[in-house]
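K.L.:
prediction below, plus the sequence it came from.
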Amino acid sequence: MGRISGKIDKKEIESAVKIILKAIGEDLNRDGLKDTPKRIARMYEEIFSGINKDPKKELKTYTAKNEDEMIIIKDIPFYSVCEHHLLPFFGKAHIVYIPKKNRITGFSNLVRVLDVMAKRPIVQERLTHEVADFLMINLRPMGVMVVIEAEHLCLSMIGVKKPGTLTVTSAIRGVMKSAATRAEAFSLIKSK
């Protein structure tokens, strides 16, 4: 079962949700839960829409005079789902790159790449590294830095129960590893 021609199998999700609801002792016939399996299936189709998408289709490049200057798009809101507990994590991402040979991309392309890669079960650390690696390979810049700040509902709701705690991860590639370049990028990310 599972996937039907690359699509999420909503009927199978509905069946699984019914099993979970029954297993926790809920009445599947009570008014508030009657349509819950269908709602969950539709929600999963949306929040996991990146599973079968290729982020390369979101990255268009072109040439524009840049003189190897830093390009930053910061405070990109995003959400994802932690693969460990299937609970959301959400926050802001910051993407910095220094083009090589005037090869750049549009800001919206960077946002869409992040969205595709975030809309699948993943851990924050891997998401951060995968976005950076993807941009290094496909945009071919001199360097990339990706910083993600997120709140994890698994930290807020279960275990240590510390709502509001932010987790920050970064991935630094190419010339961004230079201490001065990295410091400049972090300074610009922190600025209002």
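P.N.:
Sure, I can see it. Residues are numbered from 1 along each chain as shown.
K.L.:
I figured residue 149 hits residue 168, correct?
P.N.:
Yes: the criterion here is C-beta atoms under 8 Å, and residue 149 meets it with residue 168 at 5.0 Å. In short, each C-beta sits where N, CA and C put it, glycine included.
K.L.:
ok, the two, which is more surrounded?
P.N.:
residue 149 (17 against 11; other C-beta atoms under 10 Å).
K.L.:
residues contacting that one?
P.N.:
Taking C-beta atoms under 8 Å, 6 or more residues apart in numbering as the criterion, residue 149 is in contact with 91-94, 166-168.
K.L.:
what strands line up against the host helix or strand of it, and which way round?
P.N.:
In this assignment (DSSP states H and E), residue 149 forms part of strand 143-152. As defined by DSSP bridges, the strand partners of strand 143-152 come to strand 88-98 (antiparallel), strand 166-174 (antiparallel).
K.L.:
moving C-terminal of it, what's the next helix or strand?
P.N.:
Past strand 143-152, the next helix or strand by DSSP H and E is helix 153-157.
K.L.:
where exactly do the helices run in the chain?
P.N.:
Assigned by DSSP state H, the helices in the chain fall at 10-23, 36-47, 107-118, 124-139, 153-157, 179-190.
K.L.:
rewinding a little: what angle do helix 124-139 and the strand holding residue 149 make with each other?
P.N.:
Going by axes from the mean of the first three to the mean of the last three C-alpha atoms, to 10 degrees, strand 143-152 is angled at 150 degrees with respect to helix 124-139.
K.L.:
circling back: show the buried residues in the contacts of residue 149.
P.N.:
91, 93-94 (16 or more other C-beta atoms under 10 Å).
K.L.:
and which of the residues you listed is nearest residue 186?
P.N.:
Residue 186 has its nearest neighbour among the buried ones among the contacts of residue 149 in residue 94, at 9.1 Å by C-beta to C-beta.
K.L.:
nearest residue to residue 63 other than its sequence neighbours?
P.N.:
Take residue 63 and drop its neighbours on the chain: the residue closest to it by C-beta to C-beta, 6 or more residues apart in numbering is residue 102, 4.9 Å away.
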